[in-house]
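Q: Sequence below, structure please.
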Amino acid sequence: MAIGFVVGDEYYSVGSGDFLHSFFSTVAYNLENGDWGIKYPYIMNELYRGELEVESAKECLAELEIIRTELKKYLPDKVVWDIDDLSKRPPWGDNISADITDLSNYFVTNDGEDFIEVLKDALEKALELNEKLLIEAM
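A: You can find the predicted model right below:
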């Protein structure tokens with residue numbers, strides 16, 4: 001089942017639910033020492049629950065930029081597919097593009113777009129339209 005971000009009538013395709021959970025798992029494990037939402041409450045708590053109010057979008061954008069910067073410090077082998085089961089690995093294993101150099105550019109949507117850029121675009125659209133951002137299955 002495909003998952004995406006929805007802002008008003010705009011839809012931003014992401015990929016599978018497992019893929020999205022992997023991004024959050026990777027952030028929690030590597031950047032928050034496994035303590036989900038302690039450093040990035042807007043992204044890791046509010047957004048992850050499926051609904052980010054427009055009033056939180058600016059803070060979420062700021063957190064996203066910090067996350068991107070911090071993920072640059074980690075090699076792709078530090079990806080976490082599921083923080084609840086660290087033995088799980090991505091379905092593609094270690095077979096990744098040579099363009100992926102660190103965790104900041106590891107996550108690529110099912111449309112071939114940089115996940116962090118897609119999320120940034122959705123957050124900016126939420127601010128522009130003064131609408132909340134939703135995570136929905138399509």
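Q: Need the phi and psi values for the spatially most central residue of the chain.
A: Closest residue to the average C-alpha location of the chain: residue 23 at 4.6 Å, with C-alpha atoms, centre = their mean. Note on residue 23: its backbone torsions stand at phi -60, psi -50 [degrees, to the nearest 10].
Q: In contact with the residue nearest to it when sequence neighbours are not counted, which residues are there?
A: Distances taken as C-beta to C-beta, 6 or more residues apart in numbering place residue 107 nearest to residue 23, at 5.2 Å, with adjacent residues excluded. Where C-beta positions appear, they are placed from N, C-alpha and C, glycine not excepted. Contact analysis of residue 107 by C-beta atoms under 8 Å, 6 or more residues apart in numbering lists 19, 22, 23, 26, 114, 115, 116.
Q: can we see that at 10 Å?
A: 14-15, 19-20, 22-23, 26, 71, 79, 100, 113-119 (C-beta atoms under 10 Å, 6 or more residues apart in numbering).
Q: Can you say which of these are buried?
A: 14-15, 19-20, 22-23, 26, 71, 79, 114-116, 118-119 (16 or more other C-beta atoms under 10 Å).
Q: where in this protein is pLDDT low?
A: Applying pLDDT under 70 to the chain flags no residue at all.
Q: could you check the distance from the residue nearest to residue 138 when sequence neighbours are not counted over to residue 137?
A: Leaving aside its chain neighbours, residue 138 sits nearest to residue 2 (4.8 Å; criterion: C-beta to C-beta, 6+ apart). Going from residue 2 to residue 137 by C-beta to C-beta, to the nearest Å gives 7 Å.
Q: Check residue 79 too.
A: Counting by C-beta to C-beta, the gap from residue 79 to residue 137 is 23 Å.
Q: Is the residue nearest to residue 138 bridged to anything, and to what?
A: Beta bridges link residue 2 to residue 16, judged by DSSP bridges.
Q: Quick check: residue 26 touching residue 86?
A: No: using C-beta atoms under 10 Å, residue 26 is not in contact with residue 86; the gap is 11.3 Å.
Q: just checking, what packs against the helix or strand in which residue 64 is found?
A: In this structure, residue 64 sits in helix 57-71 according to DSSP states H and E. Applying 3 or more C-beta pairs under 10 Å, 6 or more residues apart in numbering; DSSP states H and E, we find helix 57-71 packed against helix 17-31, helix 41, helix 115-129.
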